[in-house]
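[1] no sequence for this one, just the structure:
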Ligand code: ADP
Ligand code: MG
């Protein structure tokens, strides 16, 4: 075939593919336009997973009728004038591609009335072809209705997933924007049913409640901005305590300068901050909102603007990681004990948003990390069922799971030595041989260096055995074969037995095996020692796998329970 220039129709359908991949992309572009237009109230309606209909209406500034046709033209934008402007973008849009792209691959209709105009106008675009603009009665603002997405691009249409999958993506997207823009009233209706509604009060925890439900939203803690984070950089948001987790990364949300960003580096900065607090294969729920000086971040990397480039990525990642870690250690509370009539622990669980939290600013600059993360000095009272320790603190009664607590103690001891590269080994008087199955052998072989770092001295001994010469001194109480087996046996639910494990994961598994068991009777002295050790831990409130080590019954809760108060 000879070389020909593509017709406008074909080339714009191709270009549209960069921006509009699926119904959720349409929703994203329309939502962002509404936000850019200063809308206070935005409504999103979906039918057929967004394939049949996506409709977004807003009460923003509207589009002047003489500019309506221009707005749907390619590279037409009111948000950018010069190349210099690209460096200081304040709006979400600036490429002037979205409406043109959507119009090229659907039946689109825009009804808009600009502020100050007497009447509105309507413009229809079908597969890139504009119809005559006509006047129409309309309230001020804009409504964009997108029907039959990809009706003229069957190859693309074929790649769309089921209605419910597409709807899932849209729902996730709308809820992310609802959290990012709590001052906008956002309503989302899909297949005739309301799925989400925020009040637009500006309170982010309230928006969080609309997305995650009241209970989880209350349990999430605000991100504290650590000192020395540098200028031109602001960090806000909420992070879930370890008990609120997911088995994938989907509920880790990051916005940079008002844009929803998918960034592997930032995502792992957040998960790393939960190190030792979540079970392997579990991921936190977190919503982070970064504001960075426009010169420090390039948003014009990809047409969908879902990727950014930071001038100094390392600085951003480490600031995020430190902030999340410090906020966690500083605020993650002891799990409240649930009684027959559940009573709220102060500032934690209640049937309504606690007033102090609802009004509290989201960012608190000073953080008393060390003080609050630790447990108070505890007085040992005794042991119950050979499994739980009962202790008294200045603020009530603590019930401590002796196994989980000891796991935490051993784990921190071991990791402290690893961090200072001084893991002590205890040589065995006589090397012992431990036999394994083939798959276990491979797994151990993959983790030999981690084992070495932790203080194990082991080597393959024939095809189906390892020889153990020394074990970590911290674990000298446990039988060496048990310690080694811990690495390859009894994986936690959802824990991957295949991947090469990091030292911390191997350590967590080994410490679980080495820790005091439930059902083991402890002398008073042993109970006291365990409490002392726990008080010294950095993160005493969860075991290395993320389960609680203790429940707390506050004096106030006791008083309420016995009818002494309120
Ligand atoms: P961009 O957002 O990159 O400018 P779009 O194609 O999304 O490009 O929109 C083109 C133009 O149409 C915008 O610059 C804006 O002037 C106008 N526009 C689009 N949607 C709205 C809306 N909901 N309210 C007001 N103006 C809008
Ligand atoms: Mg836009």
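    Received it, and whenever you're ready, just let me know what you need. The model shown is predicted, which means the values in this text are computed figures rather than measured ones. Numbers count the residues shown, from 1 in each chain. Ligands and ions are numbered 1, 2, ... in the order given.

[2] how about the lengthiest strand in the chain: buried residues?
    Assignment by DSSP state E gives strand 425-435 as the longest strand of the chain. By neighbour count on 16 or more other CB atoms under 10 Å, the buried set for strand 425-435 is 425, 432, 434. Using the backbone N, CA and C atoms, a C-beta is placed for each residue, glycine as well.

[3] do stretch 179-193 as well
    Buried-residue list, stretch 179-193, by 16+ other CB under 10 Å: 179-182, 184-190.

[4] Over to that stretch now: how far is its first residue from its last?
    Start-to-end span of stretch 179-193 (CA to CA, to the nearest Å) is 20 Å.

[5] Please state the offset of stretch 80-92 from the chain centre?
    Between the centre of stretch 80-92 and the centre of its chain there are 30 Å (CA atoms, centre = their mean, to the nearest Å).

[6] And stretch 139-146, by the same measure?
    A distance of 33 Å separates the centroid of the chain from that of stretch 139-146, by CA atoms, centre = their mean.

[7] Can you confirm whether it lies near ligand 1?
    Yes. Against ligand 1, stretch 139-146 shows contacts by CB under 6 Å from any ligand atom at residue 142.

[8] Identify each buried residue in that stretch, please.
    In stretch 139-146, counting by 16+ other CB under 10 Å, buried: 140-146.

[9] In helices, which of those residues appear?
    If you go by DSSP state H, the buried residues of stretch 139-146 have nothing in helices.

[10] which one of these sits closest to residue 460?
    residue 146 (61.8 Å; CB to CB).

[11] Just grab the bridge partners of the closest one for me.
    On the basis of DSSP bridges, residue 146 is bridged to residue 54, residue 108.

[12] which bits of this structure sit near ligand 1?
    Residues of the chain that fall close to ligand 1, judged by CB under 6 Å from any ligand atom: 29, 33-34, 37, 58, 60-63, 71, 76-79, 93-100, 142.

[13] at 8 Å instead, please
    Residues of the chain found near ligand 1, taking CB under 8 Å from any ligand atom as the criterion, are 29-30, 32-34, 36-37, 39, 56, 58, 60-63, 67, 70-72, 76-80, 91-101, 110, 112, 114, 141-142, 144.

[14] closest point of the stretch 51-200 of the chain to ligand 1, which residue?
    residue 93 (2.2 Å; CB to the nearest ligand atom).

[15] Tell me who's in contact with the spatially closest residue to residue 424 that is not a sequence neighbour.
    Closest residue in space to residue 424, ignoring its immediate chain neighbours: residue 473 at 3.7 Å, by CB to CB, 6 or more residues apart in numbering. Listed by CB atoms under 8 Å, 6 or more residues apart in numbering, the contact partners of residue 473 are 424-426, 455.

[16] Kindly reformat the residues you listed as TSV containing pLDDT.
    Output for the contacts of residue 473, formatted as TSV (pLDDT from 0 to 100):
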residue	pLDDT
424	86
425	88
426	88
455	90
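
[17] of all those residues, which comes closest to ligand 2?
    Nearest to ligand 2 among the contacts of residue 473 is residue 455, at 57.1 Å by CB to the ion.
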